[in-house]
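# here you go, sequence then predicted model.
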Amino acid sequence: MRTQLTVTEVVRNFAEYVNRVVYRRESFVLLRGNRPVAELRPLPAGTRLGDLPGLLASLPRLSPGEAEELAADVDSARKDLAQREVADPWQS
């Protein structure tokens, strides 16, 4: 559960609460008149698109045998899917 704080409390100690969000990854629900009106929470962490080549280069590689097994599994799955009838989702 997120900690609930009044807007007044947050205004008086804004830097402290922002630091708690940044460094401790805490979240707060802000109350005005005992009603929740906003959240103060960390943004989801992400990766920049420019970091993608390095990220991909750092991933483990399949051995030639593993790559062949994966290709065979994909081919088998494609054949199985091609043989199935397409179901009408609206049909009852």
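Done, it's in.
# and the residue positioned nearest the centre of the chain, how close does it get to Arg25?
Nearest to the geometric centre of the chain sits Pro44, at 7.0 Å (C-alpha atoms, centre = their mean). Using C-beta to C-beta, to the nearest Å, Pro44 is found at 11 Å from Arg25. Yep, even glycine has a C-beta here, placed from its N, CA and C like the rest.
# ditto for Glu9
For Glu9, the distance to Arg25 - C-beta to C-beta - is 20 Å.
# more crowded one of the two?
Per other C-beta atoms under 10 Å, whichever of Glu9 and Arg25 has more neighbours is Glu9, with 15 against 10.
# what about the helices in this structure?
Taking DSSP state H to define them, one finds helices in the chain at 7-12, 14-24, 52-58, 64-83.
# least confident of the ones you listed, on average?
Least confidently modelled of those is helix 52-58, at a mean of 91 by mean pLDDT.
# return it as PDB; C-alpha atoms alone will do.
Output of helix 52-58 as PDB, limited to C-alpha atoms (Å, rounded to 0.1, in the frame of the first residue of the first chain):
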ATOM      1  CA  LEU A  52      19.900  -1.200 -28.000                       C
ATOM      2  CA  PRO A  53      22.900  -2.300 -30.100                       C
ATOM      3  CA  GLY A  54      25.000  -2.800 -27.000                       C
ATOM      4  CA  LEU A  55      22.200  -4.600 -25.200                       C
ATOM      5  CA  LEU A  56      21.800  -7.000 -28.100                       C
ATOM      6  CA  ALA A  57      25.500  -7.600 -28.300                       C
ATOM      7  CA  SER A  58      25.600  -8.500 -24.700                       C
END
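# to Arg35, which of the helices of the chain lies closest?
Nearest to Arg35, of all the helices of the chain, is helix 7-12, at 10.4 Å by C-beta to C-beta.
# right, I'll call it a day here.
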